[in-house]
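Visitor: sequence and predicted model, in that order:
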Amino acid sequence: MHVVIETPQGSTEKYAWDEEAGYFMLKKILPAGMVFPFDFGFIPGSKGEDGDPLDVLVISEYKSFPGCMMECRLVGAMLAEQSDKKEKVRNDRFFFVPVLSKQFAEVEDISDLPEVEIKEIEKFFIQYNKAEGKEFKILATVSAKKAFKLISMEGVEHG
């Protein structure tokens with residue numbers, strides 16, 4: 001499946017694709033000491049409950065750049081609910097590994113990743129949302145097979 005990177009691994013800046021304008025925009029600066037643990041992006045042609053394309057975290061040994069498209073394999077998802085004072089929406093994170101990754105070549109499912117790595121990712125998203133005055137509640141972590149079913153329900157074409 002192809003994914004597009006918005007924010008590279010290690011970045012303190014959050015970028016977002018502006019569909020209407022046709023370019024990436026600097027959306028926010030993270031609090032001091034906070035960086036994206038892996039490349040963050042989206043699945044082109046998808047739409048989540050929050051109205052944005054489905055969010056992805058690309059787990060790899062290298063970082064890319066905003067606008068980079070990668071061929072990746074889905075390895076699982078973190079099902080989550082995001083809320084502010086007005087509304088509560090599902091805002092899942094789908095985990096991918098680039099096809100070209102050597103370090104994560106053996107990772108086929110989220111269960112192949114160290115549990116400590118998953119916990120660190122969960123903490124990042126909880127703190128990231130907290131800094132914006134939002135709550136990020138993890139509902140479950142699911143396998144690649146279950147994650148694929150969720151993406152398929154969104155009507156995404158798989159190439």
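Guide: Okay, I see it.
Visitor: low-confidence ranges in the protein?
Guide: 154-159 (pLDDT under 70).
Visitor: where do the helices sit along it?
Guide: Taking DSSP state H, the helices of the chain run over residues 115-130, 144-153.
Visitor: what residues sit buried inside the shortest one?
Guide: When you say that, I think you mean helix 144-153. Judged by neighbour count using 16 or more other Cβ atoms under 10 Å, the buried positions of helix 144-153 are 144, 147-148, 150-151. For glycine as for every other residue, the C-beta is placed from the backbone atoms N, C-alpha and C.
Visitor: I'd like these as CSV, with distance to residue 30 appended.
Guide: Below are those laid out as CSV (distance: Cβ to Cβ, whole Å):
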residue, distance to residue 30
144, 29
147, 26
148, 30
150, 27
151, 27
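Visitor: from the residues you listed, which is closest to residue 3?
Guide: In terms of Cβ to Cβ, no member of those lies closer to residue 3 than residue 151, at 11.0 Å.
Visitor: give me the residue at the spatial middle of the chain.
Guide: By Cα atoms, centre = their mean, the chain has its centre lying nearest to residue 56, at 2.5 Å.
Visitor: quick check: closest non-adjacent residue to residue 122.
Guide: Take residue 122 and drop its neighbours on the chain: the residue closest to it by Cβ to Cβ, 6 or more residues apart in numbering is residue 138, 5.4 Å away.
Visitor: before we move on, what about residue 25?
Guide: Distance criterion Cβ to Cβ, 6+ apart; nearest residue to residue 25, sequence neighbours excluded, is residue 18 at 5.0 Å.
Visitor: please apply the same query to residue 140.
Guide: residue 79 (4.6 Å).
Visitor: where's that neighbour relative to residue 58, distance?
Guide: Distance, residue 79 to residue 58, by Cβ to Cβ, to the nearest Å: 18 Å.
Visitor: try residue 120
Guide: Using Cβ to Cβ, residue 120 is found at 15 Å from residue 58.
Visitor: these two: which is more packed in?
Guide: Neighbours were tallied for residue 120 and for residue 58 using other Cβ atoms under 10 Å; the higher tally belongs to residue 58 (26 against 11).
Visitor: fine, thanks again, bye for now.
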